[in-house]
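Q: Give me coordinates for this.
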Amino acid sequence: MSNSANDLVLDDMLHCVGVPLKARERSIGELVTVAEKAASAAAAAAKEVRARASGSWREQEQEEKARQNEETVYCYWVSKYEQADRERSEIKARWSEAQQELDRTKRTVLELQQQLQAATARGATVT
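A: The predicted structure is shown next:
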C-alpha cells in the first residue's frame with residue numbers, strides 16, 4: 001500500500017471511532033513521527049548488532065592469531081629444549097669418553113711408576 005492509501009485507511013479507522021478531523025491529522029503526523037523514530041531506532045540497533053558481530057569476529061580472529069602465536073612459541077621452545085637435550089646427551093657422552101680416557105691414562109701412569117720403582121730398586125739406571 002502507498003502512503004496515501006495507508007493514510008486513507010488510518011483516516012477511515014480514526015473517523016470510525018469518532019475522532020475529530022484535527023485530532024486525526026495530528027494523530028497521523030504523530031504516528032508518522034513515531035514510525036520514523038522507530039525506523040531510526042531499528043536502523044541504529046541493526047548497526048550496533050552489525051558492529052558487535054564485526055567486533056566479535058575481529059576478537060575471534062585476534063584470539064585465533066594469539067592461539068597460533070602461542071602454538072608457534074610453544075613449538076619453538078619445544079624444539080629448543082630438544083636441541084639442548086641432544087647437546088646435553090652429546091656432552092655427557094664425550095664426558096664419559098674423556099673420563100674413560102683419563103682412567104686409562106691414570107692406569108698407564110701407575111704402571112709406569114711401578115716399573116720405575118722396580119727398576120730403581122734393582123739398581124738399574126734409567127735413561
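Q: list the helices and strands the strand or helix carrying Thr72 packs on?
A: Secondary structure assigned from DSSP states H and E places Thr72 in helix 21-121. Judged by 3 or more CB pairs under 8 Å, 6 or more residues apart in numbering; DSSP states H and E, helix 21-121 is in contact with helix 3-16. Bear in mind the C-beta positions are built from the backbone N, C-alpha and C, glycine included.
Q: What's the mean pLDDT across the helix it packs on?
A: Mean per-residue pLDDT for helix 3-16: 55.
Q: cool, stretch 103-115 as well?
A: 96.
Q: same thing with stretch 56-68?
A: Averaged over stretch 56-68, pLDDT sits at 80.
Q: With stretch 119-127 instead?
A: Mean per-residue pLDDT for stretch 119-127: 74.
Q: Likewise for stretch 28-40?
A: Throughout stretch 28-40, pLDDT has a mean value of 77.
Q: ok so, going back, chain center to the helix holding Thr72, what's the gap?
A: Its chain's C-alpha centre and that of helix 21-121 lie 7 Å apart, by CA atoms, centre = their mean, to the nearest Å.
Q: for stretch 107-127, same thing?
A: 73 Å.
Q: Give me the buried positions along it.
A: Counting neighbours by 16 or more other CB atoms under 10 Å, one finds that stretch 107-127 has no buried residues.
Q: contacts for that stretch?
A: Residues outside stretch 107-127 that contact it (CB atoms under 8 Å, 6 or more residues apart in numbering): none.
Q: and it, C-alpha only, in CSV?
A: Extracted C-alpha coordinates of stretch 107-127, given in CSV (Å, rounded to 0.1, in the frame of the first residue of the first chain):
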residue,chain,number,x,y,z
ARG,A,107,96.5,-46.8,34.9
THR,A,108,99.3,-46.3,32.4
VAL,A,109,101.0,-43.7,34.6
LEU,A,110,100.6,-46.0,37.7
GLU,A,111,102.1,-48.9,35.7
LEU,A,112,105.0,-46.8,34.5
GLN,A,113,105.6,-45.5,38.1
GLN,A,114,105.6,-49.1,39.4
GLN,A,115,108.0,-50.1,36.6
LEU,A,116,110.2,-47.2,37.5
GLN,A,117,110.2,-48.1,41.2
ALA,A,118,111.0,-51.7,40.4
ALA,A,119,113.9,-50.8,38.1
THR,A,120,115.2,-48.3,40.7
ALA,A,121,115.0,-51.0,43.4
ARG,A,122,117.1,-53.4,41.3
GLY,A,123,119.7,-50.7,40.8
ALA,A,124,119.1,-50.3,37.1
THR,A,125,119.8,-47.0,35.7
VAL,A,126,117.0,-45.2,33.9
THR,A,127,117.9,-43.2,30.8
